[in-house]
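Asks: Sharing a sequence plus its predicted fold:
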Amino acid sequence: METKEPREASDLLFNQSLEKGLAVLRAFSAQRRTMTLAEVAEATSITKSSAQRMIYTLEALGYVRKHSQTRRYQLTPKVMEVGYNYLAADILVDVANPFLSELANITGETVNLTEPYDQEMVYVARFVSSKFIPIHMPIGSRIPMYCTASGRSYLSALPPEEARSQLQATDLIVRTQHTRTDIDDILQVLETIREKGYACNVEELFLGDMTIASPILNNQGMPVAAVHVVAPTSRWTQEEAEKRLGPLVLECGRAISNSIRTLT
């Protein structure tokens, strides 16, 4: 596998070693829970000697460890410090939590807060119902914007041309037999969401999964996040979910939006 091309020499402030170190950390995943040195080099497209330096440093700092028998490397819980520090410093999460908790209590269903990153939404807060939910999405999970309620509610609050640009930059993959992948079709859905104030997504990402979402806006009226309620198809029809949960999610999104406007 070829090594990555270096950044332009004119970018003197860019630290390539830090870039490689972060690439090593990001290479570990559910599909690659442990790796040998050679596998780290392959996964990050860097040389084996460079991978060795990165792994040695990360191990010395406590972010990775080597199994004493298999000699394979894996992440340590210390990696979670970085993500936790983001959540601890995110004022939106602090402001939203009471509203999310109230929505979870009222609906009896799982409630989530997601924030945008590239063309995905990242889970940053979650209040889990005791009832069955088909898909477990822990904090830090990422879902695509184009085929989810939270993503579409966020896109619906963007200027239409910006929403189109986001969709054009996305790899529109068919996730289930219900997934919409035509950009004009999705843009028409966004128009409906703008009229209603909330999005409803039925089994476009996972079978059995239905969600109702509303955008959260800053003081410039731009979307910064989305709140959504999980309404499994085993308990809800789309008509019932929109009628009963739609207004509640919309109210929650507006309440959080109003609260963050006073702080920004």
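Replies: Good, I have the coordinates. Residues are numbered from 1 along each chain as shown.
Asks: Now do the buried residues in the one helix or strand residue 195 maps to.
Replies: Using DSSP states H and E, residue 195 sits in helix 183-196. Using 16 or more other CB atoms under 10 Å as the burial criterion, the residues of helix 183-196 that qualify are 186, 189-190, 193, 196. In short, each C-beta sits where N, CA and C put it, glycine included.
Asks: Need the mean per-residue confidence for it.
Replies: The predicted model gives helix 183-196 an average pLDDT of 97.
Asks: same thing with stretch 22-31?
Replies: This predicted structure assigns stretch 22-31 an average pLDDT of 93.
Asks: any idea how far it is from the chain center?
Replies: 16 Å (CA atoms, centre = their mean, to the nearest Å).
Asks: try stretch 136-155
Replies: Counting by CA atoms, centre = their mean, stretch 136-155 comes out at 6 Å from the chain centroid.
Asks: now the end-to-end length of that stretch.
Replies: End-to-end span of stretch 136-155 (CA to CA, to the nearest Å): 24 Å.
Asks: Can you give me the buried ones in that stretch?
Replies: For stretch 136-155, burial by neighbour count (16+ other CB under 10 Å) applies to 137, 139, 141, 143-155.
Asks: where along the protein do the strands fall?
Replies: 64-66, 73-75, 111-117, 120-127, 142-144, 199-202, 210-217, 223-230 (DSSP state E).
Asks: hmm, who's touching the second one?
Replies: This means strand 73-75. For strand 73-75, contacts defined as CB atoms under 8 Å, 6 or more residues apart in numbering pick out 25, 28, 33-37, 40, 55, 59, 63-67.
Asks: mind checking which of the strands of the chain is nearest residue 177?
Replies: Distance to residue 177, taken as CB to CB, is lowest for strand 199-202 among the strands of the chain, at 11.5 Å.
Asks: and that closest one, which strands flank it?
Replies: Using DSSP bridges, the strands paired with strand 199-202 are strand 210-217 (antiparallel).
Asks: what about the closest residue to residue 70 other than its chain neighbours, how many residues close to it?
Replies: Leaving aside its sequence neighbours, residue 70 sits nearest to residue 34 (CB to CB, 6 or more residues apart in numbering; 7.1 Å). Using other CB atoms under 10 Å, residue 34 has 15 other residues around it.
Asks: related to what we said a few turns ago, need the buried residues of helix 183-196 in a markdown table (columns: distance to residue 167).
Replies: Shown next, in a markdown table, are the buried residues of helix 183-196 (distance: CB to CB, whole Å):
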| residue | distance to residue 167 |
| --- | --- |
| 186 | 6 |
| 189 | 11 |
| 190 | 9 |
| 193 | 14 |
| 196 | 20 |
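Asks: about what we covered before: let me know the closest of the buried residues of stretch 136-155 to residue 88.
Replies: Using CB to CB, residue 139 comes nearest to residue 88 of these, at 12.2 Å.
Asks: Over to the closest one: give its phi and psi.
Replies: phi -60, psi 140 (degrees, to the nearest 10).
Asks: Let the chain start at 39 from now.
Replies: With 39 as the first residue, the last one maps to residue 177.
Asks: so how far is residue 148 from the nearest residue to it once chain neighbours are set aside?
Replies: Distance criterion CB to CB, 6+ apart; nearest residue to residue 177, sequence neighbours excluded, is residue 161 at 5.3 Å. From residue 161 over to residue 148 the distance is 11 Å, taken as CB to CB, to the nearest Å.
Asks: With neighbour numbers in mind, choose between those two.
Replies: When neighbours are counted by other CB under 10 Å, residue 161 and residue 148 differ, and residue 148 comes out ahead with 23 against 18.
Asks: Identify the residues contacting residue 89.
Replies: By CB under 8 Å, 6+ apart, the neighbours of residue 89 are 62, 75, 78-79, 82.
Asks: just to revisit the earlier point, tell me the one of the buried residues of helix 221-234 nearest residue 287?
Replies: Distances from residue 287 to the buried residues of helix 221-234, taken by CB to CB, are shortest for residue 234, at 10.4 Å.
Asks: Appreciated, that's everything.
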